[in-house]
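1. have a look; sequence and predicted model below, questions after that.
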Amino acid sequence: MVQLSLTAVVGALALIMGTVSADCTRESLLAAADTYITAQTAGKLDVLTTLDTSNFTYRENNKVVDIKKGVLTQALKIDLNRSTADTVACASYTMLISSTGTKPYVVGTQIRHTDSGSIAMIDTIAATTGSLFFDAKKTLGYIQAESWAPITDVSSRASRDTLKKVGDAYLDMWTDKNAADTIPWGTNCERVEGSRLTKPCGGSLPHGGSSKPNGMRRYVIDETIGSVDVLCSFDSLGNMPDSHEIRVEAGKVKYVHTITVE
Ligand SMILES: *[C@@H]1O[C@H](CO)[C@@H](O)[C@H](O)[C@H]1NC(C)=O
Ligand SMILES: *[C@@H]1O[C@H](CO)[C@@H](O)[C@H](O)[C@H]1NC(C)=O
(Lines give C-alpha, C1' and ligand atoms only; values in the text may rest on other atoms or scores of the structure.)
(Ligands and ions follow the chains in the order given, each with its own letter.)
Protein backbone atom coordinates (compact mmCIF):
# COMPACT_ATOMS: atom_id res chain seq x y z
CA MET A 1 0.00 0.00 0.00
CA VAL A 2 2.74 2.45 1.07
CA GLN A 3 4.88 1.17 -1.77
CA LEU A 4 2.09 1.78 -4.24
CA SER A 5 1.37 5.35 -3.19
CA LEU A 6 5.09 6.22 -3.15
CA THR A 7 5.39 4.97 -6.70
CA ALA A 8 2.36 7.01 -7.65
CA VAL A 9 3.81 10.15 -6.08
CA VAL A 10 7.17 9.69 -7.80
CA GLY A 11 5.37 9.04 -11.07
CA ALA A 12 3.24 12.15 -10.69
CA LEU A 13 6.30 14.24 -9.81
CA ALA A 14 8.18 12.97 -12.86
CA LEU A 15 5.17 13.82 -14.97
CA ILE A 16 4.96 17.35 -13.59
CA MET A 17 8.72 17.96 -13.96
CA GLY A 18 8.62 16.45 -17.43
CA THR A 19 5.79 18.74 -18.46
CA VAL A 20 7.47 21.83 -17.03
CA SER A 21 10.79 21.30 -18.79
CA ALA A 22 9.58 19.49 -21.91
CA ASP A 23 10.03 22.55 -24.08
CA CYS A 24 13.44 22.69 -25.67
CA THR A 25 13.68 26.44 -25.75
CA ARG A 26 16.81 28.59 -25.86
CA GLU A 27 15.94 29.77 -22.38
CA SER A 28 15.58 26.30 -20.89
CA LEU A 29 18.76 25.03 -22.57
CA LEU A 30 20.79 28.05 -21.44
CA ALA A 31 19.34 27.78 -17.93
CA ALA A 32 20.47 24.14 -17.75
CA ALA A 33 23.91 25.19 -19.05
CA ASP A 34 24.06 27.79 -16.26
CA THR A 35 23.33 25.07 -13.73
CA TYR A 36 26.25 23.10 -15.14
CA ILE A 37 28.48 26.20 -14.76
CA THR A 38 27.31 26.55 -11.15
CA ALA A 39 28.20 22.89 -10.52
CA GLN A 40 31.65 23.33 -12.05
CA THR A 41 32.29 26.50 -10.06
CA ALA A 42 31.49 24.70 -6.81
CA GLY A 43 32.90 21.32 -7.83
CA LYS A 44 29.59 19.88 -6.62
CA LEU A 45 27.14 17.75 -8.53
CA ASP A 46 24.10 18.26 -6.31
CA VAL A 47 22.84 21.32 -8.22
CA LEU A 48 22.46 19.09 -11.29
CA THR A 49 18.96 18.07 -10.30
CA THR A 50 17.66 17.19 -13.76
CA LEU A 51 20.07 14.39 -14.72
CA ASP A 52 18.00 11.65 -16.31
CA THR A 53 17.45 8.97 -13.70
CA SER A 54 17.14 6.04 -16.10
CA ASN A 55 19.78 6.81 -18.71
CA PHE A 56 22.39 9.45 -17.98
CA THR A 57 25.84 9.34 -19.52
CA TYR A 58 28.89 11.38 -18.55
CA ARG A 59 31.66 11.44 -21.11
CA GLU A 60 35.00 13.14 -20.56
CA ASN A 61 37.63 13.33 -23.26
CA ASN A 62 35.66 10.83 -25.36
CA LYS A 63 35.51 8.20 -22.64
CA VAL A 64 32.43 7.29 -20.63
CA VAL A 65 33.44 7.69 -16.99
CA ASP A 66 31.79 8.06 -13.60
CA ILE A 67 30.72 11.70 -13.27
CA LYS A 68 31.88 11.56 -9.63
CA LYS A 69 35.44 11.02 -10.86
CA GLY A 70 35.33 13.72 -13.54
CA VAL A 71 36.52 17.32 -13.76
CA LEU A 72 33.07 18.47 -12.60
CA THR A 73 33.97 17.52 -9.04
CA GLN A 74 36.84 20.02 -8.98
CA ALA A 75 35.85 23.55 -7.97
CA LEU A 76 37.10 25.90 -10.68
CA LYS A 77 37.31 29.66 -10.58
CA ILE A 78 35.84 30.51 -13.94
CA ASP A 79 37.25 33.50 -15.82
CA LEU A 80 35.05 33.16 -18.88
CA ASN A 81 31.95 31.20 -19.82
CA ARG A 82 29.87 31.28 -22.95
CA SER A 83 27.01 29.02 -24.00
CA THR A 84 25.09 28.37 -27.20
CA ALA A 85 21.81 26.51 -27.67
CA ASP A 86 20.58 24.04 -30.26
CA THR A 87 16.80 23.89 -29.99
CA VAL A 88 16.52 21.23 -32.72
CA ALA A 89 18.93 18.76 -31.11
CA CYS A 90 17.84 19.85 -27.62
CA ALA A 91 21.44 20.48 -26.66
CA SER A 92 23.79 23.20 -25.55
CA TYR A 93 27.48 23.95 -25.76
CA THR A 94 29.45 25.75 -23.07
CA MET A 95 33.03 26.94 -23.14
CA LEU A 96 34.74 27.56 -19.81
CA ILE A 97 38.17 29.01 -19.11
CA SER A 98 39.75 28.74 -15.68
CA SER A 99 43.25 30.22 -15.77
CA THR A 100 44.21 31.00 -12.20
CA GLY A 101 43.79 27.77 -10.24
CA THR A 102 46.54 25.29 -9.46
CA LYS A 103 45.28 23.28 -12.40
CA PRO A 104 44.11 25.59 -15.21
CA TYR A 105 41.44 24.35 -17.61
CA VAL A 106 39.83 25.15 -20.93
CA VAL A 107 36.66 23.08 -21.16
CA GLY A 108 34.12 22.54 -23.94
CA THR A 109 30.92 20.79 -22.88
CA GLN A 110 27.87 19.66 -24.80
CA ILE A 111 24.76 18.89 -22.76
CA ARG A 112 22.03 16.76 -24.35
CA HIS A 113 18.48 16.64 -23.09
CA THR A 114 15.78 14.02 -23.45
CA ASP A 115 12.42 14.96 -24.99
CA SER A 116 11.09 15.36 -21.47
CA GLY A 117 13.80 17.88 -20.61
CA SER A 118 16.06 15.86 -18.32
CA ILE A 119 19.80 15.74 -19.03
CA ALA A 120 20.71 12.58 -20.93
CA MET A 121 24.36 13.40 -21.42
CA ILE A 122 27.16 15.69 -20.32
CA ASP A 123 29.92 15.39 -22.89
CA THR A 124 33.11 17.24 -22.01
CA ILE A 125 36.45 17.93 -23.61
CA ALA A 126 38.67 19.13 -20.75
CA ALA A 127 42.09 20.47 -21.67
CA THR A 128 44.69 21.27 -19.05
CA THR A 129 48.45 21.70 -18.77
CA GLY A 130 50.04 19.37 -21.31
CA SER A 131 47.17 19.57 -23.81
CA LEU A 132 47.83 20.78 -27.35
CA PHE A 133 49.06 24.43 -27.37
CA PHE A 134 47.68 24.79 -23.85
CA ASP A 135 47.99 28.15 -22.10
CA ALA A 136 44.69 29.14 -20.47
CA LYS A 137 45.75 32.75 -19.79
CA LYS A 138 46.69 33.34 -23.42
CA THR A 139 43.50 31.66 -24.66
CA LEU A 140 41.48 33.81 -22.26
CA GLY A 141 43.10 36.98 -23.60
CA TYR A 142 42.20 36.16 -27.20
CA ILE A 143 38.68 34.94 -26.48
CA GLN A 144 37.76 37.81 -24.16
CA ALA A 145 38.37 40.19 -27.07
CA GLU A 146 35.88 38.40 -29.35
CA SER A 147 32.18 39.10 -29.76
CA TRP A 148 29.80 36.18 -29.82
CA ALA A 149 26.68 38.32 -29.48
CA PRO A 150 23.51 37.13 -31.22
CA ILE A 151 23.41 38.04 -34.90
CA THR A 152 20.74 40.71 -34.96
CA ASP A 153 20.22 40.86 -38.72
CA VAL A 154 18.11 37.72 -39.00
CA SER A 155 18.30 37.67 -42.81
CA SER A 156 22.10 37.37 -42.68
CA ARG A 157 22.13 34.36 -40.35
CA ALA A 158 23.62 31.17 -41.74
CA SER A 159 21.22 28.22 -41.88
CA ARG A 160 21.60 25.14 -39.73
CA ASP A 161 22.58 23.19 -42.82
CA THR A 162 25.27 25.71 -43.79
CA LEU A 163 26.69 25.75 -40.28
CA LYS A 164 26.88 21.96 -40.18
CA LYS A 165 28.58 21.91 -43.60
CA VAL A 166 31.18 24.44 -42.44
CA GLY A 167 31.88 22.36 -39.32
CA ASP A 168 32.21 19.17 -41.34
CA ALA A 169 34.33 20.77 -44.08
CA TYR A 170 36.68 22.11 -41.41
CA LEU A 171 37.17 18.65 -39.90
CA ASP A 172 37.51 17.14 -43.38
CA MET A 173 40.46 19.36 -44.37
CA TRP A 174 42.98 16.78 -43.18
CA THR A 175 41.56 14.01 -45.37
CA ASP A 176 40.00 15.91 -48.28
CA LYS A 177 42.33 18.16 -50.24
CA ASN A 178 39.41 20.23 -51.55
CA ALA A 179 37.59 20.80 -48.24
CA ALA A 180 39.47 24.00 -47.27
CA ASP A 181 38.39 25.68 -50.50
CA THR A 182 34.69 25.07 -49.79
CA ILE A 183 34.83 27.09 -46.54
CA PRO A 184 33.80 30.76 -46.79
CA TRP A 185 36.75 32.33 -44.92
CA GLY A 186 36.19 35.87 -43.69
CA THR A 187 38.99 38.35 -44.33
CA ASN A 188 39.23 39.25 -40.62
CA CYS A 189 38.81 35.72 -39.40
CA GLU A 190 40.67 34.57 -36.27
CA ARG A 191 41.62 31.03 -35.33
CA VAL A 192 42.47 30.23 -31.71
CA GLU A 193 43.83 26.69 -31.49
CA GLY A 194 44.52 26.06 -27.84
CA SER A 195 46.44 29.30 -27.22
CA ARG A 196 47.79 29.67 -30.74
CA LEU A 197 46.38 32.57 -32.76
CA THR A 198 46.29 32.55 -36.57
CA LYS A 199 44.97 35.63 -38.31
CA PRO A 200 43.51 35.66 -40.91
CA CYS A 201 42.42 32.12 -40.27
CA GLY A 202 42.13 31.09 -43.92
CA GLY A 203 45.94 30.94 -44.13
CA SER A 204 48.17 27.87 -43.72
CA LEU A 205 45.45 25.25 -43.96
CA PRO A 206 45.77 21.50 -44.47
CA HIS A 207 44.83 20.13 -47.89
CA GLY A 208 44.44 16.42 -47.25
CA GLY A 209 47.29 14.10 -46.44
CA SER A 210 45.72 11.91 -43.78
CA SER A 211 43.75 8.76 -44.55
CA LYS A 212 41.89 8.83 -41.23
CA PRO A 213 38.71 10.96 -41.09
CA ASN A 214 37.98 12.77 -37.83
CA GLY A 215 35.33 10.61 -36.20
CA MET A 216 32.74 10.54 -33.40
CA ARG A 217 31.32 13.91 -34.44
CA ARG A 218 28.71 15.46 -32.12
CA TYR A 219 27.13 18.79 -33.09
CA VAL A 220 25.60 21.76 -31.33
CA ILE A 221 24.32 24.25 -33.90
CA ASP A 222 23.01 27.69 -32.95
CA GLU A 223 21.70 29.82 -35.83
CA THR A 224 21.10 32.79 -33.53
CA ILE A 225 24.80 33.00 -32.65
CA GLY A 226 25.89 31.67 -36.05
CA SER A 227 27.86 28.89 -34.42
CA VAL A 228 28.57 25.23 -34.76
CA ASP A 229 30.48 23.23 -32.19
CA VAL A 230 31.67 19.76 -33.09
CA LEU A 231 33.13 17.46 -30.50
CA CYS A 232 35.10 14.70 -32.15
CA SER A 233 37.91 12.26 -32.02
CA PHE A 234 40.66 13.99 -33.97
CA ASP A 235 41.76 10.83 -35.73
CA SER A 236 43.46 12.51 -38.69
CA LEU A 237 46.34 13.46 -36.42
CA GLY A 238 46.02 10.64 -33.90
CA ASN A 239 42.90 9.90 -31.89
CA MET A 240 42.77 13.13 -29.84
CA PRO A 241 39.64 14.25 -27.93
CA ASP A 242 38.74 17.57 -29.54
CA SER A 243 36.26 20.44 -29.80
CA HIS A 244 36.05 22.69 -32.86
CA GLU A 245 33.75 25.69 -32.61
CA ILE A 246 33.15 28.04 -35.52
CA ARG A 247 31.23 31.30 -35.80
CA VAL A 248 29.87 32.45 -39.15
CA GLU A 249 28.95 36.13 -39.61
CA ALA A 250 27.25 37.39 -42.77
CA GLY A 251 28.08 34.15 -44.56
CA LYS A 252 31.80 34.17 -43.66
CA VAL A 253 33.81 32.38 -41.00
CA LYS A 254 34.74 34.87 -38.28
CA TYR A 255 36.13 32.76 -35.42
CA VAL A 256 37.47 29.26 -34.95
CA HIS A 257 38.26 27.79 -31.52
CA THR A 258 39.83 24.46 -30.90
CA ILE A 259 40.31 22.55 -27.65
CA THR A 260 42.44 19.47 -28.14
CA VAL A 261 43.62 16.96 -25.57
CA GLU A 262 46.77 15.02 -26.39
C1 LIG B 1 20.94 5.87 -23.36
O2 LIG B 1 21.72 6.99 -23.73
C3 LIG B 1 22.64 6.71 -24.77
C4 LIG B 1 23.48 7.96 -24.96
O5 LIG B 1 22.73 9.12 -24.95
C6 LIG B 1 21.89 6.33 -26.01
O7 LIG B 1 22.79 6.04 -27.05
C8 LIG B 1 21.04 5.10 -25.73
O9 LIG B 1 20.26 4.79 -26.84
C10 LIG B 1 20.13 5.33 -24.53
N11 LIG B 1 19.48 4.11 -24.16
C12 LIG B 1 18.18 4.05 -23.91
C13 LIG B 1 17.67 2.70 -23.47
O14 LIG B 1 17.42 4.99 -24.02
C1 LIG C 1 29.26 33.56 -16.92
O2 LIG C 1 29.25 34.63 -17.85
C3 LIG C 1 28.27 35.61 -17.60
C4 LIG C 1 28.27 36.58 -18.78
O5 LIG C 1 29.55 36.95 -19.14
C6 LIG C 1 28.54 36.27 -16.26
O7 LIG C 1 27.57 37.23 -15.99
C8 LIG C 1 28.54 35.20 -15.18
O9 LIG C 1 28.88 35.75 -13.93
C10 LIG C 1 29.53 34.10 -15.52
N11 LIG C 1 29.44 33.01 -14.55
C12 LIG C 1 30.48 32.57 -13.85
C13 LIG C 1 30.20 31.48 -12.89
O14 LIG C 1 31.60 33.04 -13.95
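-> Arrived safely, thanks for sending. Numbering: from 1, shown residues only. Ligands and ions are numbered 1, 2, ... in the order given.

2. which residue packs closest to Leu171, ignoring adjacent ones?
-> The spatial neighbour of Leu171 that comes closest, neighbours along the chain excluded (CB to CB, 6 or more residues apart in numbering), is Asn214 at 4.3 Å. All C-beta atoms are positioned from the backbone trio N, CA, C, and that covers glycine.

3. Asp52 too?
-> Taking CB to CB, 6+ apart as the measure, Asp52 lies nearest to Ser118, with 4.0 Å between them; neighbours along the chain are not counted.

4. number of nearby residues for the one you found?
-> 21 (other CB atoms under 10 Å).

5. list phi and psi for it.
-> The phi and psi values for Ser118, taken as degrees, to the nearest 10, are phi -80, psi 160.

6. again, but for Lys164
-> Backbone torsions of Lys164, given as degrees, to the nearest 10, read phi -60, psi -40.

7. and it, what is it in contact with?
-> When contacts are counted by CB atoms under 8 Å, 6 or more residues apart in numbering, Lys164 is found next to Tyr219, Ile221, Val228.

8. is the last one in a bridge, and if so with what?
-> Read that as Val228. When assigned by DSSP bridges, Val228 has beta-bridge partners Ile221, Ile246.

9. quick one: pLDDT of the nearest residue to Asn55 once chain neighbours are set aside?
-> Leaving aside its chain neighbours, Asn55 sits nearest to Ala120 (6.3 Å; criterion: CB to CB, 6+ apart). Per-residue pLDDT puts Ala120 at 97.

10. please, which helix or strand holds Ala120?
-> Using DSSP states H and E, the secondary-structure element containing Ala120 is strand 119-128.

11. that strand - contacts with which helices or strands?
-> Contact here means 3 or more CB pairs under 8 Å, 6 or more residues apart in numbering; DSSP states H and E; on that basis strand 119-128 packs against strand 57-60, strand 105-113, strand 240-249, strand 252-260.

12. give me the pLDDT value at the residue nearest to Ala42 when sequence neighbours are not counted.
-> Excluding its sequence neighbours, the residue lying closest to Ala42 (CB to CB, 6+ apart) is Ala75, at 5.7 Å. Ala75 is assigned a predicted lDDT (pLDDT) of 97.

13. go on, Ser116?
-> We note a pLDDT of 88 for Ser116 in this prediction.

14. out of the helices and strands packed on strand 119-128, nearest to ligand 1?
-> Across those, the minimum distance to ligand 1, taken as CB to the nearest ligand atom, is reached by strand 57-60, at 4.8 Å.

15. hmm, who's touching that closest one?
-> The set of residues that contact strand 57-60 without belonging to it, under CB under 8 Å, 6+ apart, is 64-67, 70-72, 120-124, 126.

16. filter those residues down to the ones near ligand 2?
-> Subset of these in contact with ligand 2: empty, counting by CB under 6 Å from any ligand atom.

17. Three-state assignment for Asp23, please.
-> In terms of secondary structure, Asp23 is coil; the call rests on DSSP: H, G, I helix; E, B strand; the rest coil.

18. that one: how many residues sit nearby?
-> Burial of Asp23 is recorded as 12 neighbouring residues (other CB under 10 Å).

19. ok, Ile97 next?
-> There are 23 residues near Ile97, going by other CB under 10 Å.

20. is it true that it touches Ala127?
-> No - applying CB atoms under 8 Å, one finds Ile97 not in contact with Ala127, separated by 10.0 Å.

21. what residues are shared contacts of the two?
-> Tyr105, Val106, Val107.

22. may I ask which of those has the most neighbours?
-> Of all those, Val106 has the most neighbours under the rule other CB under 10 Å, reaching 30 neighbours.

23. got the contact list for it?
-> With contacts defined as CB under 8 Å, 6+ apart, Val106 is in contact with Met95, Leu96, Ile97, Ser98, Ala127, Thr128, Ser131, Phe134, Ala136, Thr139, Gly194, Ile259.

24. fine by me, thanks again.
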